[in-house]
Structures are given as structure tokens and as C-alpha cells.
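> fold the following, please.
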Amino acid sequence: MARFLGYLAKRVVNYIVMIFVATSLTYFLACAFMSPRSNFESRTPRPSQESIEASLDKANLNDRTPVTERYQRWLSGIVTDWNWGLSPVGGSVNNEIAGRIGASVKLMLLSTILSIAIGVSLGVYTAQRQYQWQDRFWSGLASVFLVIPTVVLAILIVFFAIEMNQQTGQRIFYVTGLSSYDGPNVFVALIDFLQHILLPTIVLTIISAVGYHLNQRTYLLDEMHADYVRTARAKGLTKKQAIRKHALRASLIPTSVNVAFSIASIFTGAVMTEKIFAIHGMGEYFINCINNNNINGAVAVAAFSGACTLVGALLADLFAAALDPRIKMG
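From the prediction side, this is the model:
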């Protein structure tokens, strides 16, 4: 156990150093390619030069200040106060991101759980029925959804929901936002949330489940034809027993690693879905930061994604060790 904890500690330190370097490089690149000054100069009427300089200085975004000096101020604010800076218009990046993270969690948590459960289950199911009609049907359906763009799938589901609302004469589905009820009734609030979250959850579940399904099917088929599975069957195990006791466990290792590393995309990977359903999450925020020359916001999102990747990497190690005792840490 001590050796394992030492291994994890070393990995955490290495990843923290990598995140620091990557985030710092992102800051310098953002300063080089983004121009917060243009936000003010393009306004009509154009603010006075003194006003522009004062706003940029307040947000630590003045390109006439040496970038190393700006970086030092930015880094000092993070280390001493956990302050990730201001947007060009003076808004706190900390406050802006806090609300976005909550929206992304609400949007992605249920769909992530469902997509993993459905995708992996279908992968196991179809692999055990290779070339049978069940395998051909589900794999063919997965291939269809694989080539349909997220935008197209989301729009089709929105049209279907609108048609259902019109046919029934009631608003069963909401196509924008995460809630529209502000009252004290918890049950009504829950129903309202489910009405809002159902459509984007369907979109995201289908998109992610397809990948998990096809990957798990491939991994399990590879293990089913491995020599150690043939040996297990030669010793008297049935095909199902050999798959359950040996092949399935080994095939879940790469799947669990993929799941762990998908944590970062849980928060930042649903850009198009957030745009279509007007959900203000991290993905939409990142795109807005780039469009609005919000250097501090874009760097904060990049750092947050790096932290999520760190957690995913550690979980991948834990999952692999739990599923395969032969893996030695350190």
C-alpha cells in the first residue's frame, strides 16, 4: 500500500508540473493571438483612449504592458487569492466559471452514466453474437449514428419534441435552458428539470454510447480469440464462462481507461449541444472566451480541463489496477 501511495503521489506531482507548464504556455499563446483592445476600439462610439487604457489595465490585459509583467500579476493572483482574473468587460472569471461548471455537471452527468452503461452493455452483447442478426443490427445502427453530426441529430430531436408538444397540446418537452420554474415546490422543480434535460441527455447519450459500444465490442472480440481464453476453454470452461471470467475482465481495462480520460470532455466537450439547447456550460463559455478575446477566461478553462485530465489519468490507473492485478504500480 505504501508503495502504491508513493506511486500516486509521484504521478500527481508530475501531472501538476505538466498542468502548470501547459497553462503557462496557454497564457502566453492567448496573449499573443487575442486582442482585448479590439473589443473597445470596435465600439461605436469609440471610447476615449484613456478609458480604453484604464479598462485594459484594470483587467491586466493591456498589450502595451510587457507580457512577462502581466503573467507575473496573473500568476500571483492565482497563487495568493485563487483569483483567475477579469474578463475584458471587468467580470470575474471565477464567478463566471462557477455557474458554468454547475450547468455542465447537470447536463453531462446523467448522459455520461447512461452512455457508459448502454454502450458497454451493447458492446458485450454484440461481441458474444458476432455476425448474428443482433450484432449486425446494433452495429449497423451504431455506424449510422456515428456519421450523423451532433448538430443534425440534435435538430432532428428538437423537431420531434416540438411536434410532440403540438400534437398533444401540452408542453411535454422544453428545448432551451435547464429550468423555468423558480417556486419552492421540490417535486415541480424536479419535473421541470427533467423536462428540460431530457432532450440534450438523449443527444449526448446516443453520441457517447456509440463510441463505447463499438470500442467495447472490438476489445472483447480481441480477448475472446486470445490464447489464454482458448486454454481456459480447453480446460473445460464453456464459452460463456471463459468470456465472463477472463475475456470480459481484460476487455474492460481499455474501456475503463477511455471512460476515465473522458472526464475533461464531460465539462468542455458539449459545445454544439449547449449552443443548440441554450445551456450555458463550460463548452459554450470557452467558445465565447475565444470570440470575445477573454484571455483570462480561456486560460482558466484550459487549466480546468487539465485538472480534469489529471483526475482522469489517476482514475485510469486505479481502474486498470483493480481490473488486472498483474499490473504493478511503480
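
> contacting residues for His280?
By CB atoms under 8 Å, 6 or more residues apart in numbering, the contact list for His280 reads Gly99, Arg100, Ala103, Glu274. C-beta: built from backbone N, CA, C; applies to glycine.

> quick check: it is in a helix.
No - looking at His280 with DSSP: H, G, I helix; E, B strand; the rest coil, it is coil, so not inside a helix.

> ok, the contacts of His280 vs Gly6, which is closest?
For these, the residue nearest Gly6 by CB to CB is Arg100; the value is 36.0 Å.

> could you measure from that closest one over to Asn14?
Distance, Arg100 to Asn14, by CB to CB, to the nearest Å: 28 Å.

> these two: who's more crowded?
Taking other CB atoms under 10 Å, Arg100 and Asn14 do not tie; Arg100 has more neighbours (25 against 12).

> just to be sure, that one is in a helix?
Yes - with three-state DSSP as the criterion, Arg100 is part of a helix.

> so what's it scoring on pLDDT?
Note for Arg100: predicted pLDDT of 88.

> that one and Met282 touch, don't they?
Yes - assessed by CB atoms under 8 Å, Arg100 is found in contact with Met282 at 4.9 Å.

> residues touching Val158, list them.
Neighbours of Val158 in contact, by CB under 8 Å, 6+ apart: Val175, Leu199, Ile276, Phe277.

> make it 10 Å
Val158 sits next to Phe173, Val175, Thr176, Leu199, Pro200, Val203, Ile276, Phe277 when contact means CB atoms under 10 Å, 6 or more residues apart in numbering.

> using the three-state scheme, assign the fourth one.
In this case it means Leu199. helix.

> how near is it to Phe160?
9 Å.

> repeat that for the fifth one.
According to CB to CB, Pro200 stands 14 Å off from Phe160.

> past the one helix or strand in the chain whose mean pLDDT sits lowest, which element shows up next along the chain?
Ranked by mean pLDDT, DSSP states H and E, the weakest helix or strand in the chain is helix 263-268, scoring a mean of 66. Counting by DSSP states H and E, the next helix or strand C-terminal to helix 263-268 is helix 271-276.

> quick one: distance of that next one to the chain centre.
13 Å (CA atoms, centre = their mean, to the nearest Å).

> for that helix, name the packing helices and strands.
If you count contacts as 3 or more CB pairs under 10 Å, 6 or more residues apart in numbering; DSSP states H and E, helix 271-276 packs onto helix 93-127, helix 150-168, helix 186-224, helix 282-291.

> tell me the buried residues in it?
Within helix 271-276, the residues that count as buried by 16 or more other CB atoms under 10 Å are Val271, Met272, Thr273, Glu274, Lys275, Ile276.
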